[in-house]
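*Asks:* Next comes the sequence, and after it the predicted model I'd like to discuss.
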Amino acid sequence: MYGHPEFDLFEAIYTTRAMRRLKPDPVPREIIMRIIEAATMAPSNSNRQPWIFMVVTAAETRQFVAQRYKQAWETHYLTAEKRHFLETHPDTPEAKNLRSAIYLANHIGEAPVLIFACVKRYTDKRRAGQPMLGSIYPAVQNLCLAARAYGLGTAITGLHKHFEEEINRRLGVPPGYENEILVPLGYPKGRWGRPARKSASEVTFFDQ
């Protein structure tokens, strides 16, 4: 029923930004699976494919996560300094971004899909216990680009890690995996657009 959408690669790359204001409309499971399939096409160390994706759509579990996410936000991120910045610099791009993050903290449970990207930890003596981060982030970027092609918004966050043990128990994340990234997924309330970025010439250096 749902094929792969035709979508220009560079249009996807240039307009895939954090979309934190999401509609509660459900996302068809087949589309979720196609998006995760795109994630699994990412390169990984020695083709280990060390990832699993925990997909949460049940309202009760989303609220369980949302309560802890909001607590993590208010405890560890929304400092008095940031509140003061909002009051004194309300029209800056930084304040706009902060208001967007505050919205997500207050409404993440309304996102119809929460995807937890989990990655195996190394077991060799030198790196034992460290997550294979070099593999999970390309997979997550693939996921976000594929979601954009289907008209779905995403954001990448890690605030859930302040309650990782509780959330892992609730979701049944296997031992030996790091619950590294939370991606809320849904149809966005806002409009797509190219985000403000430094030019390539500002950040590129040839030969030295």
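*Replies:* Ah, there it is.
*Asks:* Just the residues contacting the lowest-mean-pLDDT helix or strand in the chain, thanks.
*Replies:* The helix or strand of the chain with the poorest confidence is helix 80-88; it has a mean of 89 (mean pLDDT, DSSP states H and E). Helix 80-88 is contacted by residues 94-95, 98-99 when judged by CB atoms under 8 Å, 6 or more residues apart in numbering. Just so you know, the C-beta spots here come from the backbone N, C-alpha and C atoms, and that holds for glycine as well.
*Asks:* ranking these by neighbours, who comes first?
*Replies:* Using other CB atoms under 10 Å as the neighbour test, the contacts of helix 80-88 are led by L98, with 19 neighbours.
*Asks:* measure it to N142 for me?
*Replies:* Computed as CB to CB, to the nearest Å, the L98 to N142 distance reads 28 Å.
*Asks:* Repeat that for Y69.
*Replies:* Y69 sits 24 Å away from N142 when distances are taken as CB to CB.
*Asks:* What sits closest to I136 if chain neighbours are left out?
*Replies:* Residue nearest to I136 in three dimensions, not counting chain neighbours: V119, with 4.0 Å by CB to CB, 6 or more residues apart in numbering.
*Asks:* Please confirm that the one you found is located within a strand.
*Replies:* Yes. In this structure, V119 lies within a strand as judged by DSSP: H, G, I helix; E, B strand; the rest coil.
*Asks:* so what's the residue nearest to the spatial centre of the chain up against?
*Replies:* Centrality entry for the chain: nearest residue to the mean C-alpha point is I156, 2.4 Å, by CA atoms, centre = their mean. With contact set as CB under 8 Å, 6+ apart, I156 has these partners: 18, 140, 144, 181-183.
*Asks:* now the residues you listed in TSV, with pLDDT?
*Replies:* Putting these into TSV (pLDDT from 0 to 100) gives the following:
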residue	pLDDT
A18	94
V140	98
C144	97
I181	97
L182	98
V183	98
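*Asks:* This completes my enquiry, with thanks.
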